[in-house]
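Novice: turn this into a model:
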Amino acid sequence: MPLALGRAPETSQAETPELLALGDAALTGTLPFPDLPPAERSRSDRRGPMRPAALSPTRSRLTGWMLGAIFRAADVAALGAIALAAAPLASGAYSLAALTPFVVGALALIWSLSTIHAYGFAQREGLGRHLVKVAAGFGLAALCLEFLLLGFHPAAIAQKPFALWFLASFLTLYALHGVWWAMVRRWRAKGRLTPNIIVVGANQNAERLIAAAMRSGEAAVLGVFDDRADRIRGDLAGVPLLGNTATLLSHRIMPYVDRVVITVPQNAQARVRQLIEQLGVLPNEVMLFIDQGPASREAALSRITEAPLAPVSGAPSDERRALVKRAQDLIVGSTAVVLGMPLMLLIALAIKLDSPGAVFFRQRRHGFNNEEILVWKFRSMAPTADPSAGMRQVSFGDDRVTRVGRVIRRTSLDELPQLINVLKGEMSLVGPRPHAVGMKTGKTESAKLVAEYAHRHRLKPGMTGWAAIKGSRGPVDTPELVKRRVALDIEYIERQSLMFDLMIMAQTIPCLLGDDDVVR
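Specialist: Reported below is the predicted structural model:
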């Protein structure tokens, strides 16, 4: 196996009816507004003018930069395939000299399309306008190639194969960009490309922000929170007032929110500081909206993504790092599934023969941005119908653990089904371990013991992690252990990189096999 696993604090392995009733809809973002009574859920005025029909978790939404990078890579692949077909026609065989004009041509095309912003896909850009951009990009590339290839390879552009390659490239990319445009339009309609924000402060700044978002369509304002909620009307510019800032901290809409925007006037410095401190416990990015005055207001708010938002809390997204991390998860995770399938089949058979009950169990745990996800595991404990048992962490000699369970827990093989969560995008191979929802340390909920507890949810949870290889595995049954786990998780978030992840994966197996002290 290329990957061994860490362990999160474990509770009961019962799937209660309440858990199963949530279903995949609640955990994949198709849940209707969760905090409204049934009689009010169908009222459109409570949804607001910008909220999509179904909310998708922040982890499943794409960003403009990430999508542009994917489309650009697909264009490069298409140009390369056409070049490989055209090169032998130019010289009768594959050679560096034969490929050079096509490589230069492909680079010039990608550069020109990027320069002309053909990978921008603006909100109001129609198909015709976008295809005009593509044609203009090819025109700019043709001018560049005329100078480049005449200077370095005079005969290249006179060759019929190169002219055919350029024409084939134009037709292929023209068709591809029509497909890209349609995909972007469809994803925007579903809300996968539109950042969701909530506003703190029902005031004129908030109204200007909402108006700008409605004009541009570049963001969706899902709701407004204000501590004067009981003294003002039920909406602001059509966006519903969802409660006060204390309500915000535990509101079930938060896993679907990209940014929390404070719109309190800048001159109310004491109130701004108080809100920043209060909202700093959230994993969501907290930003301050600064009104720069009437002269620059319209220009500043013409596009919500360019509005004067100053980040004050949360981890700003690093899109390149996120894309590399997701690629790492898919490549290594898929390889692990293929190589580990025989072993997983044997474990499933052993569990079935050892004790009655299902082979797998699923447990609600906290994921990215406090989203609740269903984490898969091999069942290692006897099933129970007692929902209160789900709050008790596993201890030494726990009588709930089965015979096969002792073996697979000792080697962390019971965690292998979490590869499903990794491939679905709910988890990562490396990250803070996912803790059970409502997990308790003693009689106190663990999340209440450390102010920065939610900060560990600023990255996707992982199958293994920095805390795991540093000895913080298993139960966190004292406040000191909770604080150490959170500190190590935050350290990982600050240091995360591809090489750091690979180092953690390489150290996981020796750490687990050489540890006889941690409860597993």
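
Novice: shaky segments in the stretch 201-350 of the chain?
Specialist: Filtered on pLDDT under 70, the stretch 201-350 of the chain yields the residue ranges 229-231, 266, 290-318.

Novice: mind doing that once more with 50?
Specialist: 294-308 (pLDDT under 50).

Novice: what are the ranges of the strands in it?
Specialist: 220-225, 235-236, 239-243, 259-262, 285-289, 309-313 (DSSP state E, counting those that start in this stretch).

Novice: can you give the contact residues for the second one?
Specialist: This points to strand 235-236. 45, 48, 199, 202, 206-207, 210, 224, 241 (C-beta atoms under 8 Å, 6 or more residues apart in numbering). Just so you know, the C-beta spots here come from the backbone N, C-alpha and C atoms, and that holds for glycine as well.

Novice: pull out the buried positions in stretch 184-196.
Specialist: Neighbour-count burial for stretch 184-196, counted by 16 or more other C-beta atoms under 10 Å, picks out 184, 187-188, 191-196.

Novice: got the buried residues for the helix or strand where residue 183 lies?
Specialist: Following DSSP states H and E, one finds residue 183 within helix 160-189. For helix 160-189, a neighbour-count test (16+ other C-beta under 10 Å) marks 161-162, 165-166, 168-170, 173, 177, 180-181, 184, 187-188 as buried.

Novice: packing partners of it?
Specialist: Where contact means 3 or more C-beta pairs under 8 Å, 6 or more residues apart in numbering; DSSP states H and E, helix 160-189 is packed against helix 64-91, helix 96-115, helix 127-152.

Novice: ok, now with 6 Å
Specialist: Where contact means 3 or more C-beta pairs under 6 Å, 6 or more residues apart in numbering; DSSP states H and E, helix 160-189 is packed against helix 64-91, helix 127-152.

Novice: next, the angle from the first one to helix 160-189.
Specialist: Spelled out, it's helix 64-91. Comparing the axes of helix 64-91 and helix 160-189 via axes from the mean of the first three to the mean of the last three C-alpha atoms, to 10 degrees yields an angle of 160 degrees.

Novice: just the pLDDT for the residue minimising distance to the centre of the chain.
Specialist: Centroid-nearest residue in the chain, with C-alpha atoms, centre = their mean: residue 59, separated by 2.5 Å. pLDDT for residue 59: 80.

Novice: in a helix, it, correct?
Specialist: Yes. Per DSSP: H, G, I helix; E, B strand; the rest coil, residue 59 lies within a helix segment.

Novice: ok, for it, nearest residue in space, not its chain neighbours?
Specialist: Among residues not flanking residue 59 along the chain, residue 368 sits closest, at 4.7 Å (C-beta to C-beta, 6 or more residues apart in numbering).

Novice: would you confirm that the one you found contacts residue 461?
Specialist: No. Applying C-beta atoms under 6 Å as the test, residue 368 and residue 461 come out as separate, 7.2 Å apart.

Novice: so those two - more neighbours on which side?
Specialist: residue 461 (28 against 24; other C-beta atoms under 10 Å).

Novice: re the thing from before, any idea which of the buried residues of stretch 184-196 is least confident?
Specialist: Among these, residue 191 has the lowest pLDDT, at 72.

Novice: so it, which state does it fall into?
Specialist: Quick answer, by three-state DSSP: residue 191 is coil.

Novice: the closest residue in space to it that isn't next to it in sequence in helix, strand or coil?
Specialist: Closest residue to residue 191 apart from its sequence neighbours, by C-beta to C-beta, 6+ apart: residue 52 at 3.7 Å. At residue 52 the chain is in coil, as set by three-state DSSP.
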